[in-house]
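# Got a predicted structure here, sequence first:
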Amino acid sequence: MNDVSFASLLTPEGRALLDEVRGTEPARELAVATRLRREHPAELVSAALGQARLRQRAAAKFGAEDAERMFFTPNGVEQSTRTSVATYRAERFRALGVRSVADLCCGIGGDAIALARAGIRVLAVDRDPLTAAVARANADALGLTGLIEVREADVTEVDTTAYDAVFVDPARRGGRGRIFDPEAYSPPLSWAIDTALKAPLAALKIAPGIPHEAIPAEAEAEWISDGGDVKEAVLWFGTEPGLVRATLLPGPRELRGRGLPDPDVRPVGRYLYEPDGAVIRAHLVAEVAEDLDGGLLDETIAYVTADALRPTPYASAYEITDRLPFNVKKLKALLREREVGVLTVKKRGSAVEPEELRRKALPKPQGTNAVTVFLTRVAGGPNKGRGGPPPPPKLGGAAFVGAG
């Protein structure tokens with residue numbers, strides 16, 4: 001889609017076409033396109049069908065109601081912040097007393113929309129003409145033009161001194177895919193940090209895999225997961241320098257770093273805890289282990305084991321029913337013995353592919369019980385022998401721990 005074809009979607013004819021192709025299934029696209037091209041320009045029909053596909057994809061991030069009214073680009077759908085995360089961040093800005101934000105590298109406007117809905121005035125800036133046009137159309141479609149000003153400009157040339165806070169979401173994808181070097185972001189992370197340090201308050205969206213040593217001392221670092229999936233990391237300036245936190249959505253639930261040393265390795269207990277991805281990325285497994293009175297299975301693996309079941313939002317708990325060295329035949333026999341019909345395989349520190357093991361160990365479901373198999377190292381080496389506590393009467397939600 002180019003600037004011209006997008007502009008045509010905003011005309012009465014284009015909007016009528018968008019309504020007509022809403023929800024078109026992929027298998028029907030050719031027939032629909034052939035019929036519509038008899039009465040409308042081919043380029044407009046293609047743009048409308050393309051937009052319909054993008055809206056269907058965007059529903060997972062923005063919700064069906066908003067997605068059906070908004071406009072998207074392929075990169076915009078891929079890179080934009082999902083509504084749940086953007087809403088959480090906007091509420092945090094609002095709670096910090098922010099009433100205006102300069103949203104630099106705004107993309108199609110996902111964060112700007114959430115900020116405006118929180119009652120915050122937004123300057124949304126993007127240098128790409130098409131992206132800026134889409135962001136402007138989205139503000140209009142959602143009735144937010146009174147709070148969102150969209151500006152097509154180079155963010156490095158924008159004066160942000162009139163705003164309470166700055167939010168920067170540098171582009172982390174290029175023509176060859178994902179960019180891992182922060183200085184290759186657009187704009188570079190160093191520029192974003194320098195800009196943040198000059199603002200009263202700022203937030204920089206970064207990749208979750210950023211090395212902790214690359215985080216400035218002046219920043220608070222936050223890792224955010226939504227429904228158990230890590231979505232992003234954010235560097236906050238003007239809040240609590242040096243703080244590390246994991247935020248879990250929905251909630252939000254917040255685990256703050258306490259500066260604990262690495263947890264001890266201990267014998268396998270009755271329970272295995274799998275920390276949330278945001279907890280792991282934030283290096284806060286020690287905090288979870290202390291709260292659970294537990295320790296690590298292995299010093300290099302982010303699995304916590306403990307003797308007692310203590311519900312925690314920061315880790316999923318599994319009761320260990322069996323431990324055995326990695327052996328497909330033995331595992332297959334055990335699953336058959338336990339009448340397992342649903343098998344989930346997870347791993348840390350193992351080269352085995354979970355899906356391949358699942359096919360080999362459970363080629364045919366043997367019953368209705370559901371189990372999870374963990375492939376991992378135990379205290380640096382294989383887990384010797386089968387043992388552990390006796391299994392409970394019912395196996396639902398139980399775990400096997402094996403060594404890969």
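Yep, it's here.

# which helix is the longest one in this protein?
Across the chain, the longest stretch assigned as helix under DSSP state H is helix 42-62.

# what sits up against it?
Residues outside helix 42-62 that contact it (C-beta atoms under 8 Å, 6 or more residues apart in numbering): 1, 4-6, 8-9, 13-14, 17-18, 20-24, 26, 29, 32-33, 36-37, 67-68, 70-74, 76-77, 80-83, 110. Using the backbone N, CA and C atoms, a C-beta is placed for each residue, glycine as well.

# Tell me which of those residues fall in helices.
Checked against DSSP H, the contacts of helix 42-62 include these in helices: 4-6, 8-9, 13-14, 17-18, 20-21, 29, 32-33, 36, 67, 74, 76-77, 83, 110.

# Please pick the buried ones from those.
Neighbour-count burial (16 or more other C-beta atoms under 10 Å) applied to these gives 5-6, 8-9, 14, 17-18, 21, 29, 32-33, 36, 67, 76-77, 83, 110.

# Next, the distance between the ends of stretch 32-40.
Stretch 32-40 has an end-to-end distance of 12 Å (C-alpha to C-alpha, to the nearest Å).

# actually stretch 332-342, not the one I typed
13 Å.

# Also stretch 153-167?
Stretch 153-167: ends 16 Å apart by C-alpha to C-alpha.

# ok, and what's touching the helix or strand containing residue 138?
Assigned by DSSP states H and E, residue 138 belongs to helix 129-141. Here helix 129-141 makes contact (C-beta under 8 Å, 6+ apart) with 1-3, 6-7, 10, 69-73, 75-76, 106-109, 112-113, 116, 124-126, 145, 148, 150-152.

# Buried members of the residues you listed into PyMOL, please.
With 16+ other C-beta under 10 Å as the criterion, this PyMOL line picks the buried residues out of those:
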select buried, resi 1+6+10+70+71+72+73+76+106+107+108+109+112+113+116+124+125+126+148+150+151
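
# about what we covered before: give me the angle between the longest helix of the chain and helix 29-36.
140 degrees (axes from the mean of the first three to the mean of the last three C-alpha atoms, to 10 degrees).

# mind listing what's buried in helix 42-62?
Neighbour count says helix 42-62 has 44-56, 58, 61-62 buried, by 16+ other C-beta under 10 Å.

# Can you get me the start-to-end distance on stretch 301-316?
Termini of stretch 301-316 sit 15 Å apart (C-alpha to C-alpha).

# er, stretch 209-216 I mean
Stretch 209-216 has its terminal residues 15 Å apart, counting by C-alpha to C-alpha.

# Name the residues of it that come out as buried.
For stretch 209-216, a neighbour-count test (16+ other C-beta under 10 Å) marks 210, 215-216 as buried.

# outside of that stretch, which residues touch it?
For stretch 209-216, the external contacting residues (C-beta under 8 Å, 6+ apart) are 180, 182, 189, 193, 221, 233, 235, 244, 281, 283.

# Now the buried members of those.
182, 189, 193, 221, 233, 235, 244, 281, 283.

# Turn these into CSV, columns for distance to residue 306.
Converted to CSV, the buried ones among the contacts of stretch 209-216 look like this (distance: C-beta to C-beta, whole Å):
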residue, distance to residue 306
182, 37
189, 38
193, 39
221, 27
233, 28
235, 33
244, 23
281, 22
283, 20
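
# Closest one to residue 269 out of those, please.
Each of the buried ones among the contacts of stretch 209-216 was checked against residue 269 using C-beta to C-beta; the closest is residue 283, at 22.6 Å.

# Surely that closest one and residue 246 touch.
No. Between residue 283 and residue 246 no contact is recorded; they are 9.3 Å apart, counting by C-beta atoms under 8 Å.

# for this structure, what are the low-confidence residue spans?
1, 173-180, 380-404 (pLDDT under 70).

# Try it again at 50.
382-399, 402-404 (pLDDT under 50).

# Point to the residue nearest the middle of it.
The centre of the chain sits closest to residue 231, judged by C-alpha atoms, centre = their mean, with a distance of 1.9 Å.

# quick one: it and residue 206 touch, right?
No. Contact status for residue 231 versus residue 206: not in contact, 11.8 Å apart, counting by C-beta under 8 Å.

# For residue 150, which three-state class applies?
Under the three-state scheme (DSSP: H, G, I helix; E, B strand; the rest coil), residue 150 adopts strand.

# where exactly do the helices run in the stretch 151-300 of the chain?
189-198, 277-281, 285-292 (DSSP state H, counting those that start in this stretch).

# Please write out the alpha-carbon positions of the last one in CSV.
Right, helix 285-292. Below are the C-alpha coordinates for helix 285-292, written out as CSV (Å, rounded to 0.1, in the frame of the first residue of the first chain):
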residue,chain,number,x,y,z
VAL,A,285,14.2,-15.4,39.8
ALA,A,286,15.9,-15.0,43.2
GLU,A,287,13.0,-12.9,44.5
VAL,A,288,10.6,-15.6,43.4
ALA,A,289,12.7,-18.4,45.0
GLU,A,290,12.9,-16.5,48.3
ASP,A,291,9.2,-15.9,48.4
LEU,A,292,8.6,-19.6,47.8
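
# Right, I'll leave it there.
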